[in-house]
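# Got a predicted structure plus its sequence, pasted below:
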2 protein chains.
Amino acid sequence: MSATATTDAVTLPHPALDGLTASLRDLLGARCSTAQSEREHHGHGESYHPTRAPDVVCYPATTEEVSRILALCHQAKVPVIPFGAGTSLEGHVVALHGGVCLDLSRMQRIIAVNTEDLDCVIEPGVTRKQLNEHLRDTGLFFPVDPGADATLGGMTATRASGTNAVRYGTMKDNVLALTVVLADGTVLKTGGRARKSSAGYDLTRLFVGSEGTLGVITEITLKLYGIPEASSVAVCSFPDVGAAVSCAIETIQSGIQVARVELLDETCMRAINLHNGLSYPETATLFIEFHGTQAGVEQQSTAMHAIALGHGGSGWRHAASAEERTKLWQARHNLHYALLALRPGASSWGTDACVPISELATCITEIREHAKDAPFPVPALGHVGDGNFHMGFLIKMDSPAEIAEAERLNALLVNRAIDLGGTCTGEHGVGYGKSKFLRREYGDEAIAVMRRIKQSLDPDNILNPGKVLPPASP
Amino acid sequence: MSATATTDAVTLPHPALDGLTASLRDLLGARCSTAQSEREHHGHGESYHPTRAPDVVCYPATTEEVSRILALCHQAKVPVIPFGAGTSLEGHVVALHGGVCLDLSRMQRIIAVNTEDLDCVIEPGVTRKQLNEHLRDTGLFFPVDPGADATLGGMTATRASGTNAVRYGTMKDNVLALTVVLADGTVLKTGGRARKSSAGYDLTRLFVGSEGTLGVITEITLKLYGIPEASSVAVCSFPDVGAAVSCAIETIQSGIQVARVELLDETCMRAINLHNGLSYPETATLFIEFHGTQAGVEQQSTAMHAIALGHGGSGWRHAASAEERTKLWQARHNLHYALLALRPGASSWGTDACVPISELATCITEIREHAKDAPFPVPALGHVGDGNFHMGFLIKMDSPAEIAEAERLNALLVNRAIDLGGTCTGEHGVGYGKSKFLRREYGDEAIAVMRRIKQSLDPDNILNPGKVLPPASP
């Protein structure tokens, strides 16, 4: 969806903007645009957040060009906002203070695939689906899979994950090294291609999840994985969300290595049935996948089935064919659209939190109780192996009352997750939508350290200003 | 071993030292010592590096005490060197500029074990063996296992790993959150207990591997794992190092998930035979372990055995009993001592590098060629699933010629690893032994970023000065 309101942030046009735009045109020609339609397209992601368009949109093609653009912006003290596929969910790409949008989607080269080393080097505009398409004949794949077909640059910048994280980790675990351009145009490499290193400060992990506020990512070295010999997908229904989550916990605790374990509540299952012409029981459900050898997969599945029975699980059913498996995961990946169809004309405000898995059932159940009288559907779903869950508020964006209720529920959910030892975002990132919760999560001392790091790398605050870090005083 | 020389670093006693020592005595009583024997004990790790004792040794018991000690040292501008089990291999704990040694080994509380969430919270003085002993009845274990029984604080600070990293990751992957005391005594928490988060800058990973130069770690939240249902250990001989490494690469590439795959060359096998009364063929050998279900483990083992045969592997043999398995891994873990016994009176200078796995055989083979005329044994071993390998120089520390030759080989090895896209240290850390290689590995720009971060957090450079970062000018 594209949001309708614009932000309250009012800043005057940057005095150096005209001169800067001329210099950017000299550098990029037609790849520098001030056309209103392009500016507006780059003023929002896929979230409910108010929009604000940048003043200029640039389409660099190389690290060298990114470096020269940043050097110019740095000199002019004009903000720079990196942009990938525009699928962000917390307002990361909104040009809160105007400035230059750096659209990296044309940097799409796959520079190297090192099959022997199980790694690849890519530019940030490559999307996850493009990469896996490219890898198709190698026997390798890249597992991190957020709902959208995001760019790998955006996924790196927001520390994204998805359904496979319980087995393969998040972007944090799968980025080996980066090429980064700093605020002043300096280019650096954060590491090589070794699988591990204890040499010096972990700059790779510092830039992963920094959401364009510390530097612009222009090259990414990623881990790849051998496609497992066998995989198996199962679906199981449960009497309620608590039972489904308990089954997932016991499974992981018992050393069974699931590749995916996805919770969908009764609202999600209804949406999936309607949208895909399916007829699953409309109750809390787990979608489960195992990877390994044929025998290993079968034993794991049998073991988890036994655990599921102990938690009231019923209707345990294997996807019989590769086609059925694909159909099932497509239904899961398209859930966003299936949910929207439950309430025609509604937008989905999808929120995201992560708690210790023992607190997951408590957290979801409590918030569902708070939401039961909401004037809109509030589906709950989650990557329960990690304790990560989402709730969607299917609201009418022209209803201030519904927006206010969604805001109330969102704050309740996030604050409760933090109080239970969790985090305000498991995988969507902070942007500016979640920055107000960061102080509660980390405390003033940790926020001060983050701020010192930001200041030491971007003293003029030109890199995606207003994102991640909360305002200076509580 | 304890080294014999002292460092060239000459600094005058800190002018504020007497006053500081009096304040520390007020705070800690008998847990603040200036006794020569205690100072000397704290002036070195287990490496060949020249020693230098600190002026004072403190034994704090709580985060609050660490905070107060740091506030005092900060005010006096006196260096602080954190100390754990003293098993460091790159001079991390040598008091290059004198100052206060912060011995954290008495902070040994296991604060919480959350079996449902597969995590625990511990103090930094707990060793890896103590933790696993404590976990014995829970069905859980902590996998990271460097050779020594290091403290988990030291392991966190050096981003340690060990034989299980190919399956369970390194300390980078297994630390969920930290409590850290900054140079001025400020206490902060870097995160909660959620399994993943995309909330803000990754301060946890910034402090993991910072070797006491950015802050002092006083509490650690670690991931734990369910003990797998089944495990299986195999040994296989190969015609040469290259064949063994190729077998390991093909195994990992084919999606077989080994838990451990350790290379030992013919010198290591000779040492193991002599030291343990065993009779393995004295040729390049892999020690392999699989974790999973009984059937999965058997299938993986069968599949890898087939791959091994294709690389000239012979004598594939399973450890028949748990006892035999334990004996085999004990032999591997005690290899350091077995190697020392090959040359009575010698010390072992153990070096460490990591390269993309496709370069591993090249790198090891080249350095072995360079070392073939060395006047001392140069065994090679490695965690080959990660491309991480060690060579040991079994030298007489009273022979300047042998030390010089070891230095030459060490530099050759490290520089070659870096040129092959690798790193100067896979798991031992930088200390001051490897800091001279960091610029070649990362380039001036990345070193400058590391320096800016150091300056922003420790402007007076009191935290473990002289470690990690190379000198300011190339």
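Sure thing, it's come through. Note that the structure is predicted; figures quoted are calculated from it, not measured.

# When you work out contacts or count neighbours from here on, use the C-alpha atoms and nothing else.
Will do.

# ok, longest helix in chain A?
helix A:400-419 (DSSP state H).

# Would you indicate which residues of that helix are buried?
By neighbour count on 16 or more other Cα atoms under 10 Å in any protein chain shown, the buried set for helix A:400-419 is A:402-403, A:405-406, A:409-411, A:413-418.

# With adjacent residues omitted, what lies nearest to the residue of the stretch 201-350 of chain A found nearest chain B?
At 3.7 Å from chain B, residue A:296 is the closest residue in the stretch 201-350 of chain A, using Cα to the nearest Cα. Spatially, and ignoring its direct neighbours in sequence, residue A:296 is nearest to residue B:296 (3.7 Å; Cα to Cα, 6 or more residues apart in numbering or on different chains).

# OK, contacts around the closest residue in space to residue A:53 that isn't next to it in sequence?
Excluding its sequence neighbours, the residue lying closest to residue A:53 (Cα to Cα, 6+ apart) is residue A:43, at 3.8 Å. Each residue near residue A:43 by Cα atoms under 8 Å, 6 or more residues apart in numbering or on different chains is listed here: A:51-54, A:93-95.

# hang on, residue A:43 in a strand?
No - using DSSP: H, G, I helix; E, B strand; the rest coil, the secondary structure at residue A:43 is coil, not a strand.

# what's the distance between it and chain B?
As judged by Cα to the nearest Cα, to the nearest Å, residue A:43 and chain B stand 22 Å apart.

# Likewise for residue A:472?
15 Å.

# do residue A:427 as well
Distance from residue A:427 to chain B, by Cα to the nearest Cα: 5 Å.

# ok, now residue A:182?
For residue A:182, the distance to chain B - Cα to the nearest Cα - is 9 Å.

# quick revisit: between the contacts of residue A:43, which is nearest chain B?
residue A:93 (15.8 Å).

# what number of residues lie near that closest one?
Residue A:93 has 32 neighbours, counted by other Cα atoms under 10 Å in any protein chain shown.

# Now do it, the pLDDT please.
We have a pLDDT of 96 for residue A:93.

# Could you do residue A:377 as well?
96.

# Same check on residue A:11?
59.

# cool, residue A:252 as well?
pLDDT, residue A:252: 86.

# and the one helix or strand it maps to, how far out from the chain's middle?
Applying DSSP states H and E as the criterion places residue A:252 in helix A:241-253. Relative to its chain's centre, helix A:241-253 lies at 24 Å (Cα atoms, centre = their mean, to the nearest Å).

# Give me the helices and strands touching it, please.
Under the contact criterion of 3 or more Cα pairs under 8 Å, 6 or more residues apart in numbering or on different chains; DSSP states H and E, helix A:241-253 touches strand A:258-264, strand A:285-292, helix A:294-310, helix A:360-370, strand B:225-226.

# Go again with 10 Å.
Judged by 3 or more Cα pairs under 10 Å, 6 or more residues apart in numbering or on different chains; DSSP states H and E, helix A:241-253 is in contact with strand A:230-237, strand A:258-264, strand A:285-292, helix A:294-310, helix A:360-370, strand A:380-383, strand B:225-226.

# burial of the nearest residue to residue A:405 once chain neighbours are set aside, as a residue count?
Of all residues not flanking residue A:405 in the chain, residue A:374 sits nearest, at 7.3 Å (Cα to Cα, 6+ apart). Around residue A:374 there are 16 other residues, counting by other Cα under 10 Å.
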